[in-house]
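> Quick one: sequence plus predicted model below, questions after.
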Number of protein chains: 2
Amino acid sequence: MGEFDLIQRFFTRERPPGADVALGIGDDCALLNTTPGAQLLISSDMLVEGRHFLSTVAPERLGHKALAVNLSDLAACGARPKAFTLALSLPRVDEHFLAGFAAGLFALADAHGIELIGGDTTMGPLNICITVFGEAPAGTALLRGGARAGDELYVSGTTLGDARLALEVFRGHIGLPGEQFEAVRRAMELPQPRVALGQALRGLASSAIDISDGLVGDLAHILRRSGVGASLEVDALPASAVLAAQPPALRREMGLAGGDDYELLFSAPAAAREAVLEAGRRSATAVTRIGRIEAEPGLRLLDAEGRVLPLQPRGFDHFKP
Amino acid sequence: MGEFDLIQRFFTRERPPGADVALGIGDDCALLNTTPGAQLLISSDMLVEGRHFLSTVAPERLGHKALAVNLSDLAACGARPKAFTLALSLPRVDEHFLAGFAAGLFALADAHGIELIGGDTTMGPLNICITVFGEAPAGTALLRGGARAGDELYVSGTTLGDARLALEVFRGHIGLPGEQFEAVRRAMELPQPRVALGQALRGLASSAIDISDGLVGDLAHILRRSGVGASLEVDALPASAVLAAQPPALRREMGLAGGDDYELLFSAPAAAREAVLEAGRRSATAVTRIGRIEAEPGLRLLDAEGRVLPLQPRGFDHFKP
């Protein structure tokens, strides 16, 4: 099967383009329509086997995750997704893999009403590079730099730490009963980008980021950009039933420094608390208050009694072994 | 060196953003400003060692080429480049490679007045994925499907076939004196995207494509999309001094099916001939008339006496060995 057949067979869909797409796959460029008064938001992630996914992942789930981690970046900025491109390097044309990958990819694309508009395919070591495009009214995008002393800190969802827990099972460091393993494995392989919540937070949140490198590591980006510090109530972190059943030290470590979470971490003025919780309800996404932005630089981890913990977990870095 | 240091050290530049860029590297998304009445054009190419470039290429030239092949897609559509993202997978942090790659990349970016606005870095087999963004007034983008019987066919530049000739020297199939080899090697490693010509052709050309898979293969895309045929005057193809000195059969083969050329192939109504040549002069780019669009399907290759040649070279396919 040649390069062009592959695109035609697995990645071309016959469907009327939405209002966002003027021209999809098949020419030198794709054409997007833009909305007057809006800015275009762009994010790009590259996924490599062994670093971003394991060889054991089902192709459907890999297709889902490759798009999900990109949509999560749009969510963190409060953007409405418009479209995406896919560049794919494959060691061989594996029809089972491609059919599954495309099915998972397009299922998530359909859930968010977006279309694949272009990209590239080549032969080489497995590599997946997706670039997503979204839109927000000019000046309304949520950024990392807007947190102010007195703001409250929130995290979305109840899966924080689950993906890392699953990874530790794969690594043989931890054992879990089959059903519990399946639950955290879903969190790792099928993250749900918080796109609806991100849009609902425009005008409410003062800063936001998606958690890909661990809560503490990604919070550090907000603090540095905003020129502030924070205290984090470690025992207030949401946890799934599986994570909640783990020993406290492990639970804290997974929640604080797990990585691969794709939940939103954001700040909002204290006066906006009710509106933030309402945004969570409106987008059917759990929202938990987990701390406070403070003028004093640095991060303080507090336990349930308000005592400072010595723990300083590190963020995940793709260039560390 | 960690992932974040790498971006900071090699790919972050302190410079005032242009009017196109509202926010560059450093947040979950980049933000582009859009122009009222314009459409956004997007193209993405993935480069893999051994398939798109040889391990012998200098890092500066690889940085140039990775961006050039993407800008060539914008050129083919007549777009004005706005910005680009870079996703990079590296087997190790090689400072010599990164410094050279960044130098070549940014030199070409500066030549076209565009900025790197985001992307990704990870550890893995060497892979370079660039996505470029451009703009054109709505409805004016040059596409593959507009060629009409009676239109004339043109190709830009004088390097057609040179890149393939250089590849054949690397492969040991052909020998060239050192100076001649350096000349065609430049064509292979430092292609010049025809961005100014592409924009000058808006409103003139009826169809356009950039030649990456060989003239005949890419012309076939125009013919299929436009529902027409063509005759090509093989001996009218432009050739560099090096290629012109090769035996006629080799010269034809390189010109017709070389690949990696990144020249523009386009059609325009016969009445627009003078305006097309003027667009070439205005953009300081050679433009050569090489054939004619015809109602009869298929491609006819004619020699200088107008005789039909049996030769039917194939386009380059990245999934063929």
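Arrived safely.

> was I right about residue A:13 contacting residue A:103?
No. If you go by C-beta atoms under 8 Å, residue A:13 and residue A:103 don't touch, sitting 11.6 Å apart. Heads up, the C-betas are built off the backbone N, CA and C, glycines and all.

> quick one: which helix or strand includes residue A:253?
helix A:248-257 (DSSP states H and E).

> One more: residue A:231?
Going by DSSP H and E, residue A:231 is part of strand A:229-233.

> which secondary structure element contains residue A:131?
Going by DSSP H and E, residue A:131 is part of strand A:127-137.

> Could I get the CA-only coordinates of that strand as PDB?
C-alpha atoms of strand A:127-137 as PDB (Å, rounded to 0.1, in the frame of the first residue of the first chain):
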ATOM      1  CA  ASN A 127       5.900   8.700  15.800                       C
ATOM      2  CA  ILE A 128       2.700  10.500  16.100                       C
ATOM      3  CA  CYS A 129       2.600  14.300  15.800                       C
ATOM      4  CA  ILE A 130      -0.800  16.100  16.100                       C
ATOM      5  CA  THR A 131      -1.300  19.800  15.900                       C
ATOM      6  CA  VAL A 132      -4.700  21.200  17.000                       C
ATOM      7  CA  PHE A 133      -6.400  24.400  16.200                       C
ATOM      8  CA  GLY A 134      -8.900  26.200  18.300                       C
ATOM      9  CA  GLU A 135     -10.500  29.600  18.700                       C
ATOM     10  CA  ALA A 136     -11.400  32.000  21.400                       C
ATOM     11  CA  PRO A 137     -12.500  35.600  21.400                       C
END
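
> orientation of it relative to strand B:127-137 in degrees?
Calculated by axes from the mean of the first three to the mean of the last three C-alpha atoms, to 10 degrees, strand A:127-137 forms an angle of 30 degrees with strand B:127-137.

> does chain B sit close to strand A:127-137?
Yes. Counting by C-beta under 8 Å from any C-beta of the partner chain, chain B has neighbours in strand A:127-137: A:127, A:129, A:131, A:133-134.

> which bits of the stretch 101-250 of chain A sit near chain B?
Residues of the stretch 101-250 of chain A lying near chain B (C-beta under 8 Å from any C-beta): A:117-125, A:127, A:129, A:131, A:133-134, A:138, A:141, A:143-145, A:208-210, A:225.

> From those, which land in strands?
A:117-123, A:127, A:129, A:131, A:133-134, A:208-210 (DSSP state E).

> Out of these, which two sit at the greatest distance?
A:123 and A:208 (38.6 Å; C-beta to C-beta).

> which one of these two has more residues nearby?
Shown here are residue A:123 and residue A:208; by other C-beta atoms under 10 Å in any protein chain shown, residue A:208 has more neighbours (31 against 18).

> tell me the mean pLDDT for stretch A:170-180?
The pLDDT scores in stretch A:170-180 average 93.

> Residues contacting it, please?
By C-beta atoms under 8 Å, 6 or more residues apart in numbering or on different chains, the residues outside stretch A:170-180 that reach it are A:54, A:56, A:165, A:168-169, A:184, A:242, A:245, A:250.

> need those residues in a markdown table with neighbour count and secondary structure, can you?
Shown next, in a markdown table, are these (neighbours: other C-beta atoms under 10 Å in any protein chain shown; DSSP: H, G, I helix; E, B strand; the rest coil):
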| residue | neighbour count | secondary structure |
| --- | --- | --- |
| A:54 | 15 | coil |
| A:56 | 9 | coil |
| A:165 | 30 | helix |
| A:168 | 18 | helix |
| A:169 | 17 | helix |
| A:184 | 25 | helix |
| A:242 | 21 | helix |
| A:245 | 11 | coil |
| A:250 | 16 | helix |
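
> of all those, which comes closest to residue A:84?
Among these, and counting by C-beta to C-beta, the member closest to residue A:84 is residue A:54, at 23.4 Å.

> For that closest one, what are phi and psi?
phi -100, psi 160 (degrees, to the nearest 10).

> quick one: it from residue A:170, how far?
6 Å (C-beta to C-beta, to the nearest Å).

> Report the buried residues of the helix holding residue A:253.
Neighbour-count burial for helix A:248-257, counted by 16 or more other C-beta atoms under 10 Å in any protein chain shown, picks out A:250-257.

> so what's residue A:308 up against?
A:300-302.

> Counting neighbours, which of these comes out on top?
residue A:301 (21 neighbours).

> which SS class is the nearest residue to residue A:198 once chain neighbours are set aside?
Leaving out its chain neighbours, the residue that sits closest to residue A:198 by C-beta to C-beta, 6 or more residues apart in numbering or on different chains is residue A:75, at 3.6 Å. Assigned by DSSP: H, G, I helix; E, B strand; the rest coil, the conformation of residue A:75 is helix.

> which residue ranges form the strands in the stretch 51-200 of chain A?
A:80-90, A:115-123, A:127-137, A:152-156 (DSSP state E, counting those that start in this stretch).

> Adding distance to residue B:26, write these out as CSV.
Converted to CSV, the strands of the stretch 51-200 of chain A look like this (distance: least, C-beta to C-beta, whole Å):
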stretch, distance to residue B:26
strand A:80-90, 21
strand A:115-123, 25
strand A:127-137, 17
strand A:152-156, 21
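
> Residue A:283 against residue A:194, yeah?
Yes. If you go by C-beta under 8 Å, residue A:283 and residue A:194 touch, sitting 7.5 Å apart.

> Which one's more surrounded, the two?
A direct count of neighbours by other C-beta under 10 Å for residue A:283 and residue A:194 places residue A:194 higher, at 28 against 19.

> Next, the more buried one: phi, psi?
Residue torsions, per degrees, to the nearest 10, at residue A:194 are phi -90, psi 60.
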